[in-house]
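Enquirer: Mind folding the following:
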Amino acid sequence: MKKTALMLIILGCLAGLSFGQNGDIGLGIILGEPTGLSAKWWTGKTTAFDAGAAWSFVNGGTFFQIHGDFLFHNFDLFKVDTGKMALYYGFGGRVKMADQTIVSVRVPIGISYQFEKTAIEIFLEVVPMLDLIPATEVGVGGGAGFRYYF
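Expert: So this is what the prediction gives:
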């Protein structure tokens, strides 16, 4: 089950690369819960796919997880002199490889800032989650990070 879920997520991420154009694909890191690699593929002016391959350090253990979200961005809430700042929100899923494989629904909510003269984005997010497998539980993750766009 773990290998099948991992392969499906990796294939989905690779398929997402074909949507990207120059400057639409960002790679970076996220620090928090979880901590690891972060990627984002813009699909339009206000929509994007977000994915992560990271380590979770909850409950005294170290567990690997993969997550993916579809995000909507509102650039009209914050007025900044340079760059662009957005409130974003969305929905997605997570597969966490712990003692048992945990499958969750994610609802990320965050703020991102894109610098005007560089291809860097910084972000801060909170992610309420609902574990569905193996048991129903509620949790919260989140973190801060950055991405460089190619």
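
Enquirer: Point out where this structure drops to low pLDDT.
Expert: 1-22 (pLDDT under 70).

Enquirer: Which parts of it are helices?
Expert: Taking DSSP state H as the test, the helices found in the chain are 2-17.

Enquirer: For Gly52, list each beta-bridge partner.
Expert: Beta-bridge partners for Gly52, by DSSP bridges, are Ser38, His67.

Enquirer: and it, how many neighbours?
Expert: 24 (other CB atoms under 10 Å). C-beta coordinates here come from the backbone N, C-alpha and C atoms, glycine included.

Enquirer: same check, this time on Trp42
Expert: 19.

Enquirer: how near is His67 to Leu31?
Expert: Note on His67: its distance to Leu31, by CB to CB, to the nearest Å, is 15 Å.

Enquirer: So which of these two has more stuff around it?
Expert: For the pair His67 and Leu31, the greater number of neighbours falls to His67 (25 against 13), based on other CB under 10 Å.

Enquirer: pretty sure that one contacts Arg106?
Expert: Yes: under the criterion of CB atoms under 8 Å, His67 makes contact with Arg106 at 6.0 Å.

Enquirer: Which neighbours do these two have in common?
Expert: Common neighbours of His67 and Arg106, using CB atoms under 8 Å, 6 or more residues apart in numbering, are Gly92, Gly93, Arg94.

Enquirer: thought the last one was touching Val103?
Expert: So the one you mean is Arg94. Yes: contact criterion CB under 8 Å: Arg94 and Val103 qualify, at 7.3 Å.

Enquirer: Who has more neighbours out of those two?
Expert: Arg94 (24 against 15).

Enquirer: Now that one. Nearest residue, chain neighbours left out?
Expert: His67 (4.0 Å; CB to CB, 6 or more residues apart in numbering).

Enquirer: what bridges to Tyr89?
Expert: Phe72, Ile109.

Enquirer: show me where the protein has strands.
Expert: Along the chain, counting by DSSP state E, strands occupy 25-33, 35-42, 47-56, 63-74, 84-97, 101-106, 109-114, 120-133, 137-149.

Enquirer: How about the residue in the chain that sits furthest from its center?
Expert: Asp81 (26.7 Å; CA atoms, centre = their mean).

Enquirer: Next up, the contacts around that residue.
Expert: Contacts for Asp81 (CB under 8 Å, 6+ apart) come out as none.
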